[in-house]
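Novice: my questions concern the predicted model and sequence given below.
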Amino acid sequence: MPIGVIESLDHEARGIARQDGKTIFVDGALPGEIVEYASFRRKPKYELAQLVSVLRPSNARVAPPCPHFNICGGCAMQHIDPATQVAVKQRVLEDTLWHVGRVRPELMLAPVHGAAWAYRHRARLGVRLVPGKEGMLIGFHERRSSYIADLRSCMVLPPEVSALLEPLRTLFSALSIADRLPQLEIAVGEHCVALSLRILQSLTARDENLLRAFADRHAVVFYLQPKGPESIYRFYPLPGPRLSYALPEFALEFDFKPSDFTQVNHAVNRILVSKALALLDPRPGERIADMFCGLGNFTLPIARRGARVLGIEGSPRLVERGRESARFHGLSEQVEFGVANLFECTQASLSQLGRFDKMLIDPPREGAIELVKALDEKAPRRLVYVSCNAATLARDAAALVVLKGYRLKAAGIVNMFPHTAHVESLALFERD
């Protein structure tokens, strides 16, 4: 069995060792450790390997508390002390900014983080009926597999939601469409827990009665999705508690549907919005653009600071939800929303929006390179970039610095997903 010394972690939280000119990526290994490993994929320049045993453990290694950790693919870092996880992600961000973008921030921001457990207010779980001993499975996918992990509990979900997994298995097994129910989407709001079922066949009257009885017994709200995301609708109870999340610092509450994008970690999202606005520093009289604005997670807080805001988003559904929130909170005079595909942004299309004093960009994983390229000499002097992909942030940061004359004033990680390798981040750019 080969033995290796782990030098560092990669962006997927795998340990990195070097052997005979090859890079070895070892699942579950930590920097400084000496480990035995077994390779399961070999390429000319690298190998992928599974940890067999730890001969010299790291001080950062802890016992994973979740019984599903070694099988479930939902978490990758439970074997690492939570404080070290944050430090690792900060280093991943620094390394990615330099190796991909050749840029370094003038200041590394203090990491944004919150509770390590029971933080996940959104989850998409697979559902599969397996005849025989296993029966009905509900869970995240297994590691490196399309199989569904057999979850009996989940420590990153709120306890009241984790406690629903066993009753849901019983419920789903009793439905006539037990083998036509591929997905469960969980959304925890301020006033209710919403369970959205992707159904590939119509429910019978008995199925509907079972769902209603479950909702009454466990105080949840069921949504049904017979086709694509647009088809989702509230099934029971009608009427009932709102599905919403709040930003108390700004006296805001956003209604949403389970299929709408909202941040998974509500507590960290509150800190993120506060930190982003502190960097943006919106002031009365300024005109500010919020690009990839979604429901208005940043748009409405910016307006609360007195600025006029234009939110641009590609989804008409989310834009309409943002307009409804602006009207509800009395901000329609300060906030305007527009629908546009920012992945096809040009200088001409951007200039049609007018001049902005500042800009906030919060793109999906693909980043915002076309928007960045479209910025001209009249571009905002200050730009705050909220990223869910360190590699595309680094690419876009290089374009902002090298091509557009900005300085990368500050950057830091936002630990939105503890125990996973996912790195969200916040960056501040300025130019004279």
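Specialist: Received the coordinates, thanks. Numbering: from 1, shown residues only.

Novice: quick one: low-confidence parts of the stretch 51-200 of the chain?
Specialist: 133 (pLDDT under 70).

Novice: count of residues packed around Ile16?
Specialist: When neighbours are defined as other C-beta atoms under 10 Å, Ile16 has 18 of them. Placement of C-beta: from N, CA and C, glycine included.

Novice: what's it in contact with, if anything?
Specialist: With contact set as C-beta atoms under 8 Å, 6 or more residues apart in numbering, Ile16 has these partners: 6-10, 23-26.

Novice: buried among the residues you listed? Need that as a selection in ChimeraX.
Specialist: A single ChimeraX command selects the buried members of those (16 or more other C-beta atoms under 10 Å):
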select :6,9,24,25,26
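
Novice: in strands, which of the contacts of Ile16 appear?
Specialist: 8-9, 23-26 (DSSP state E).

Novice: kindly indicate which of these lies nearest Glu185.
Specialist: The nearest member of these to Glu185, counting by C-beta to C-beta, is Leu9 at 30.6 Å.

Novice: dump the biggest strand by length in the chain to CSV, restricted to CA.
Specialist: Counting by DSSP E, the longest strand found in the chain is strand 46-56. The C-alpha coordinates for strand 46-56 follow below in CSV (Å, rounded to 0.1, in the frame of the first residue of the first chain):
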residue,chain,number,x,y,z
TYR,A,46,-2.2,12.5,-11.5
GLU,A,47,-4.0,9.9,-9.5
LEU,A,48,-7.3,10.0,-7.5
ALA,A,49,-7.1,8.0,-4.3
GLN,A,50,-9.0,7.0,-1.2
LEU,A,51,-7.6,7.2,2.3
VAL,A,52,-6.8,3.8,3.8
SER,A,53,-5.2,4.8,7.1
VAL,A,54,-3.6,7.8,8.9
LEU,A,55,-0.1,7.0,10.1
ARG,A,56,0.5,10.5,11.5
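
Novice: follow-up on the earlier one: closest one to Ser53 out of the ones in strands among the contacts of Ile16, please.
Specialist: Val26 (11.4 Å).

Novice: from Val423, how far out is that closest one?
Specialist: Applying C-beta to C-beta, to the nearest Å, the value for Val26 to Val423 is 20 Å.

Novice: check Asn269 too.
Specialist: For Asn269, the distance to Val423 - C-beta to C-beta - is 16 Å.

Novice: how about the strands of the stretch 301-432 of the chain, start to end?
Specialist: Here the stretch 301-432 of the chain has its strands, by DSSP state E, counting those that start in this stretch, at 308-313, 335-339, 358-361, 382-387, 407-414, 424-430.

Novice: what helices or strands is the fifth one leaning on?
Specialist: It refers to strand 407-414. helix 82-101, strand 107-108, helix 266-280, strand 424-430 (3 or more C-beta pairs under 8 Å, 6 or more residues apart in numbering; DSSP states H and E).

Novice: do the shortest one as well
Specialist: Contacts defined by 3+ C-beta pairs under 8 Å, 6+ apart place strand 358-361 against helix 266-280, strand 287-291, strand 382-387.

Novice: same question for it, mean pLDDT?
Specialist: Averaged over strand 358-361, pLDDT sits at 98.

Novice: before we move on, what about the fifth one?
Specialist: Strand 407-414 carries an average pLDDT of 98.

Novice: now it against strand 382-387, angle please.
Specialist: Between strand 407-414 and strand 382-387, the angle comes out at 30 degrees (axes from the mean of the first three to the mean of the last three C-alpha atoms, to 10 degrees).

Novice: what are the buried residues along strand 407-414?
Specialist: Within strand 407-414, judged by 16+ other C-beta under 10 Å, the buried ones are 408-414.

Novice: hmm, who's touching that strand?
Specialist: 86, 89-90, 92-93, 97, 103-113, 268, 271-272, 275, 279, 386, 397, 400-401, 423-431.

Novice: quick check: bridge partners of Leu426?
Specialist: Beta-bridge pairing for Leu426 (DSSP bridges): Val386, Gly412.

Novice: and what of the one 4 residues further on?
Specialist: Note on Glu430: beta-bridge partners Arg382, Arg407, judged by DSSP bridges.

Novice: contacts only, for it.
Specialist: Neighbours of Glu430 in contact, by C-beta under 8 Å, 6+ apart: 381-383, 406-407, 409.

Novice: compute the first-to-last residue distance for stretch 158-167.
Specialist: Using C-alpha to C-alpha, to the nearest Å, one end of stretch 158-167 lies 16 Å from the other.

Novice: how far is that stretch from where the chain is centred?
Specialist: Relative to the centre of its chain, stretch 158-167 is centred 21 Å away, using C-alpha atoms, centre = their mean, to the nearest Å.

Novice: just the buried positions in that stretch, please.
Specialist: So for stretch 158-167, counting by 16+ other C-beta under 10 Å, buried means 158, 161-162, 164-165.
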